[in-house]
Every structure is written in structure tokens, then in C-alpha cells.
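Novice: Quick one: sequence and predicted model below, then my questions.
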Amino acid sequence: MSKFTLLSLALVALASCSHEETPPAAPKSTAKVPATLRLDQAPPAALSVIEMRKSAANGADVVVTGRAKDFVATKAVFTIADLSLKSCADRGDKMECDTPWDYCCADPKSVTEGTAAIQVLDGAEIATGSLQGWNGLDHLKPVVVHGKLEKDDKGNLTVVADGIYVQS
């Protein structure tokens, strides 16, 4: 066996024993949104998603805070979850979960009551492209959103955002 082959095998063996994980690459946003959407600081007096559900009226200007939950791949829409909800990543039992942002470990009724959709418009239409990766926005990232609340007959909440602050 040549020294080069032996050295190559040794390097492969060492690499396979490494316990360091390479972090996933940050997603790149494809959303076409106005520059004014990005807020440099969080607006004051943010409500939780649950508080907004209880107290804000349809059509009201709102400021809401939560953690990014799910993203739509082709539209500038994502959901946020109330900060009081525990994602699978928040569990102390080190449960293995490939998608901790889906809150599958939480009570489904609590998840329904503690989530809201956030959408960004381009004129009268929802802007195209995913917001995932925009300004560091990703799953479970805390955000504060300013916009107008829309409630439908089924109790679903949507905030038409005109400003989003992504916490670092």
C-alpha cells in the first residue's frame, strides 16, 4: 500500500470519527418585497399571537410577536407561533426531531390557537417568492411584525405585514 493511499485512508477515518456537525447552509430568500418591509428595531407594545387573537379586531393595526413556524415556497407567506408554545427543540428530553418547528410535540389545539399567518403584498397580490432566509428569517426565529389584522369566519388570523423585525 502506498504512503499516499495510507494517508488518504487515515484522513477519511479521522473525518468519519469527528463529532462536529456542519451547520446547514442558511436559506436564501427568493421573495420580491419592498425594502421598507425590513425594520431595524422592534416596534413597541407587541402582542403575543394569543393576546392578538383575544383582543384585536378585524382590520386593526397590530404589532405581534412570535417565532417563525412554516414558510410557503412560492409566496411571501409564513406562519408564526406564540412564544409560549414549546417546539420540539425546546423539550428537555433531547428528543430527536427533524422538524422541531412544526410543534408536533405540543397540543394541536394550542398550536391552532397560538399561530397566525403573516403575508406580504405586492400591490393587491401576495408577493412572490419565499421569505425564508430574508433578513435572517428562518424556522423558530423570533420576529415582531407590524401590519393589519384579518380574521376570517373560521377564526384564522392573517397579518398583512408592512414591517418585519427579525430578532438576532
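Specialist: All right, it came through fine. Numbers count the residues shown, from 1 in each chain.
Novice: buried residues in stretch 117-124?
Specialist: Buried residues in stretch 117-124, defined by neighbour count with 16 or more other C-beta atoms under 10 Å: A117, I118, Q119, V120, L121. For glycine as for every other residue, the C-beta is placed from the backbone atoms N, C-alpha and C.
Novice: One more: stretch 153-168?
Specialist: Buried residues in stretch 153-168, counting neighbours by 16+ other C-beta under 10 Å, are found at L157, T158, V159, V160, A161, D162, G163, I164, Y165, V166.
Novice: which one of the residues you listed is nearest A89?
Specialist: Out of those, the one with the shortest distance to A89 is V166. That distance is 17.9 Å, counting by C-beta to C-beta.
Novice: any idea how far that closest one lies from L140?
Specialist: In this structure, V166 and L140 are separated by 12 Å, where distance is defined by C-beta to C-beta, to the nearest Å.
Novice: can you list the buried residues of stretch 153-168 in JSON lines and add secondary structure and distance to K32?
Specialist: Converted to JSON lines, those look like this (DSSP: H, G, I helix; E, B strand; the rest coil; distance: C-beta to C-beta, whole Å):
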{"residue": "L157", "secondary structure": "strand", "distance to K32": "24"}
{"residue": "T158", "secondary structure": "strand", "distance to K32": "19"}
{"residue": "V159", "secondary structure": "strand", "distance to K32": "19"}
{"residue": "V160", "secondary structure": "strand", "distance to K32": "16"}
{"residue": "A161", "secondary structure": "strand", "distance to K32": "14"}
{"residue": "D162", "secondary structure": "strand", "distance to K32": "16"}
{"residue": "G163", "secondary structure": "strand", "distance to K32": "17"}
{"residue": "I164", "secondary structure": "strand", "distance to K32": "15"}
{"residue": "Y165", "secondary structure": "strand", "distance to K32": "20"}
{"residue": "V166", "secondary structure": "strand", "distance to K32": "18"}
